[in-house]
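Student: pasting the sequence and the predicted coordinates here, then a few questions.
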Amino acid sequence: MRYLALATDYDGTIAGDGTVDKSTVEALQRAKASGRKIILVTGREMPSLIEHFPEWEIFDAIVAENGALLVIPSTKHEELLCEPPPQALIDDLTKHEVEPLSVGKGILATWVPHDGIVLQCIKELGLESQIIFNKGAVMILPPGVNKASGLAAALKYLQLSPHNVVAVGDAENDHAFLTASEFSVAVDNALPALKERADFVTKAKRGAGVEELIDMLIEDDLINLSPKRHFISAGTREDGEKEMIDPYNTGILICGSSGAGKSTTTLGILDQLCHSNYQFCLIDPEGDYESFQNAVVIGDTERAPTIEEVLQLLADPTKSVIVNLLGIALEDRPEFFTNLLPRLQELRTLHGRPHWTVVDEAHHMFPVEWKKMSQLAPENLRSILMITVHPELIAPEVYSSVDLLLTIGDNAQDKIKMFAKTAGLGAPRMPKETALEQGYGFGWFTKASKKVELLKLERSEIEKVRHRRKYAEGQLPEERSFYFRGPDGKLNLRVQNLVLFNQIAQGVDDDTWNFHLRNHDYSKWFKEFIKDDELSQETQMIESNKNIGARETRKLICAAIEKRYTLPATGAA
């Protein structure tokens, strides 16, 4: 189930003239009986709500006073989410005879046309208070407090993510919490501006519109109404259009030869998920992935992660988890994963997350010969991203979960043909035979298209940082290292990274330095093995300048490296 919560406004949405019809209350009860949480998000203060809506305790959470107050009806828990209204402002508005003036626990409220006097008083007192309109109502709150911030507090209490919420409203002050939710709905009587921005508009008005929405939600979880505003990009097609991915219920398989850029492609997708605050759990058998923003790495070469640790961290909807398996013996990793995956599926059933499960070295985690494969319920492997060098070694049962196949590197088209044959699919139409450049791949939506597209894959900001650290301070293998040998081959000084390059460059004699300089060895290394075209081009210009000597060229090339790769002290690996 994707949508585990329904968040609704009160006045003008479930209520007409301040009251809620019996049929709407019954619809809310059906929504709750379906296993979903129901949340009320209203500008009203609690005494007024209780007076007009005696069934208020039906809700799992109530955000009152336009985001200022959180109430949990089942426990009568109340939490003020901001500072109380400033007494000086209350006194000033009273002095200016602003009536009616309602004073809540966190909100002040009046009506148009008093908004001008309210603004004047706020300015004169030097306050940071904000004014929020709700049709004719004028609400005064601290900055940053609105229905979206209140809904966030309610979801945190319920351990839910905004990506699992449907929100419905009708007025200006509903924009914030509708935008913050995965699926936004405006009832038919809503303001035109709200209807224009909503993902869906009901046919009926007020409570009847909410009843319509609830029936749709229970019937099929809005499966055919996936909001396009949340889609992420797999890359850019030759026609310049983006190849978009639904971030829910999509299975992706990334295949490529070693060193072709599988991790770069993966990071291009994960970066977008991070920016959109989707929660993921990444299974990292080889320790290839560094920490992301809002992602916690558990496990290392000295300590194996535990399943309970993973689940405990994922209990927080704002945190993603990278599970490093280096501390687990190679032959034991499939067993660990087989025990973890059903727990992740169970968590997703209960709480709608993690939104994505990412499995590197998928041929180790889903091996053909793995006897416990049947326990993994491949039909439930949704919103999964798998990465492998050897797709032919993955259990065929998993292929049914793949909606998008991305292939990169050598023999990329052959991998598509192999997948189609193994999965029992007809061979798709292939682009003309071409050697893929770095950063390009083939994409095939296996269930929705008969055509394979050439894509310029998304590049991640995370990957750029990872790239800088890898080449600045990492350990390149022998075949990719640079060697200062000199004109007679008397030296054999190996350079495994750029920090070491700068250090050795300062110490080698001028003849050795100039020998490699005039052969353009530095720019070639930067291009072929550091994979930095910009640094290579700048270095090539320095190498080609015959008017400057060893001391100056050394200084310029080292400075070019430092400009791009030297990390600040606080960011050192």
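Tutor: Looks like it arrived, so ask away. Residues are numbered from 1 along each chain as shown.
Student: make it CA atoms for all contacts and neighbour counts henceforth
Tutor: OK.
Student: for this protein, which spans come out with low pLDDT?
Tutor: Within the chain, the stretches with pLDDT under 70 are 290-294, 370-380, 461-470, 566-573.
Student: just the buried positions in stretch 272-282, please.
Tutor: Residues of stretch 272-282 classed as buried: 272-274, 277-282 (neighbour count, 16 or more other Cα atoms under 10 Å).
Student: which ones among those residues lie within strands?
Tutor: In strands, judged by DSSP state E, the following of the buried residues of stretch 272-282 are found: 280-282.
Student: so can I have a markdown table of those residues showing distance to Lys456?
Tutor: Below are these laid out as a markdown table (distance: Cα to Cα, whole Å):
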| residue | distance to Lys456 |
| --- | --- |
| Phe280 | 24 |
| Cys281 | 26 |
| Leu282 | 24 |
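Student: re earlier: dump the buried residues of stretch 272-282 to CSV, plus distance to His363.
Tutor: Formatted as CSV, the buried residues of stretch 272-282 follow (distance: Cα to Cα, whole Å):
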residue, distance to His363
Gln272, 25
Leu273, 24
Cys274, 25
Asn277, 28
Tyr278, 25
Gln279, 24
Phe280, 20
Cys281, 18
Leu282, 15
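Student: so the most centrally placed residue in the chain versus Lys228, what's the distance?
Tutor: In the chain, the residue lying closest to the centroid (Cα atoms, centre = their mean) is Leu273, at 2.2 Å. Counting by Cα to Cα, to the nearest Å, the gap from Leu273 to Lys228 is 14 Å.
Student: same check on Glu369?
Tutor: Note on Glu369: its distance to Lys228, by Cα to Cα, is 39 Å.
Student: so these two - more neighbours on which side?
Tutor: Lys228 (13 against 10; other Cα atoms under 10 Å).
Student: contacting residues for that one?
Tutor: Residues near Lys228 by Cα atoms under 8 Å, 6 or more residues apart in numbering: Asp246.
Student: cool, Ala15 as well?
Tutor: Counting by Cα under 8 Å, 6+ apart, Ala15 touches 21, 206-207.
Student: how about these in a markdown table, adding distance to Lys262, secondary structure and neighbour count?
Tutor: Output for these, formatted as a markdown table (distance: Cα to Cα, whole Å; DSSP: H, G, I helix; E, B strand; the rest coil; neighbours: other Cα atoms under 10 Å):
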| residue | distance to Lys262 | secondary structure | neighbour count |
| --- | --- | --- | --- |
| Asp21 | 55 | coil | 13 |
| Arg206 | 50 | helix | 27 |
| Gly207 | 50 | helix | 25 |
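Student: which of those sits closest to Phe515?
Tutor: Of all the contacts of Ala15, Arg206 has the smallest distance to Phe515: 80.0 Å, by Cα to Cα.
Student: next, work out how far apart the closest one and Leu273 are.
Tutor: Using Cα to Cα, Arg206 is found at 34 Å from Leu273.
Student: those strands in the stretch 451-573 of the chain, which residues are they?
Tutor: Secondary structure of the stretch 451-573 of the chain by DSSP state E, counting those that start in this stretch: the strands cover 453-457, 482-484, 493-495.
Student: who are the packing partners of the longest one?
Tutor: Identification of packing neighbours for strand 453-457 by 3 or more Cα pairs under 8 Å, 6 or more residues apart in numbering; DSSP states H and E yields strand 232-236, strand 440-445.
Student: contact partners of that strand?
Tutor: Outside strand 453-457, the residues that touch it by Cα under 8 Å, 6+ apart are 234-238, 243, 265, 268, 430-431, 439-444.
Student: my guess is Gln540 meets Phe526, correct?
Tutor: No: between Gln540 and Phe526 there is no contact under Cα atoms under 8 Å: 9.9 Å.
Student: ends of stretch 221-231, how far apart?
Tutor: Start-to-end span of stretch 221-231 (Cα to Cα) is 18 Å.
Student: for that stretch, what is the distance to the chain centroid?
Tutor: Centroid displacement of stretch 221-231 relative to its chain, using Cα atoms, centre = their mean, to the nearest Å, is 16 Å.
Student: just want the angle from whatever helix or strand Ile252 lives in to strand 440-445.
Tutor: According to DSSP states H and E, Ile252 maps onto strand 251-256. Taking axes from the mean of the first three to the mean of the last three Cα atoms, to 10 degrees, one finds strand 251-256 and strand 440-445 inclined to each other by 150 degrees.
Student: quickly run through the sheet partners of strand 251-256, with directions.
Tutor: strand 384-388 (parallel), strand 404-408 (parallel) (DSSP bridges).
Student: could you give me the buried positions within the helix or strand just after the last one?
Tutor: I take that to be strand 404-408. The helix or strand immediately downstream of strand 404-408 is helix 412-422, counting by DSSP H and E. Within helix 412-422, the residues that count as buried by 16+ other Cα under 10 Å are 412-413, 415-417, 419-420.
Student: and the lengthiest helix in the chain, what does it pack onto?
Tutor: Across the chain, the helix with the greatest residue count (assigned by DSSP state H) is helix 333-351. For helix 333-351, the packing partners by 3+ Cα pairs under 8 Å, 6+ apart come out as helix 307-314, helix 362-365.
Student: can you do 10 Å?
Tutor: Where contact means 3 or more Cα pairs under 10 Å, 6 or more residues apart in numbering; DSSP states H and E, helix 333-351 is packed against strand 280-284, helix 307-314, strand 356-359, helix 362-365.
Student: just want the angle from it to strand 280-284.
Tutor: Going by the same axes, to 10 degrees, helix 333-351 makes 180 degrees with strand 280-284.
Student: in helix 333-351, what counts as buried?
Tutor: 333-334, 336-338, 340-342, 344-345, 347-348, 351.
Student: go on, stretch 132-151?
Tutor: By neighbour count on 16+ other Cα under 10 Å, the buried set for stretch 132-151 is 132-134, 138-142, 145-151.
Student: need the max-distance pair from these.
Tutor: Greatest spacing in the buried residues of stretch 132-151, by Cα to Cα: Val138 and Leu151 (20.3 Å).
Student: extract the CA atoms of the stretch of helix or strand Leu270 belongs to and return them as CSV.
Tutor: Per DSSP H and E: Leu270 is located in helix 262-275. What follows is helix 262-275, C-alpha atoms only, in CSV (Å, rounded to 0.1, in the frame of the first residue of the first chain):
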residue,chain,number,x,y,z
LYS,A,262,27.6,1.4,-12.7
SER,A,263,28.1,3.2,-9.4
THR,A,264,28.0,6.6,-11.2
THR,A,265,24.7,5.6,-12.8
THR,A,266,23.4,4.4,-9.4
LEU,A,267,24.4,7.6,-7.7
GLY,A,268,22.7,9.7,-10.3
ILE,A,269,19.4,8.0,-9.3
LEU,A,270,20.1,8.0,-5.6
ASP,A,271,21.0,11.7,-5.6
GLN,A,272,17.5,12.5,-6.9
LEU,A,273,15.9,10.3,-4.3
CYS,A,274,17.9,12.0,-1.6
HIS,A,275,16.9,15.5,-2.8
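Student: please compute how far that helix lies from its chain's middle.
Tutor: In terms of Cα atoms, centre = their mean, the centre of helix 262-275 is found 9 Å from the chain centre.
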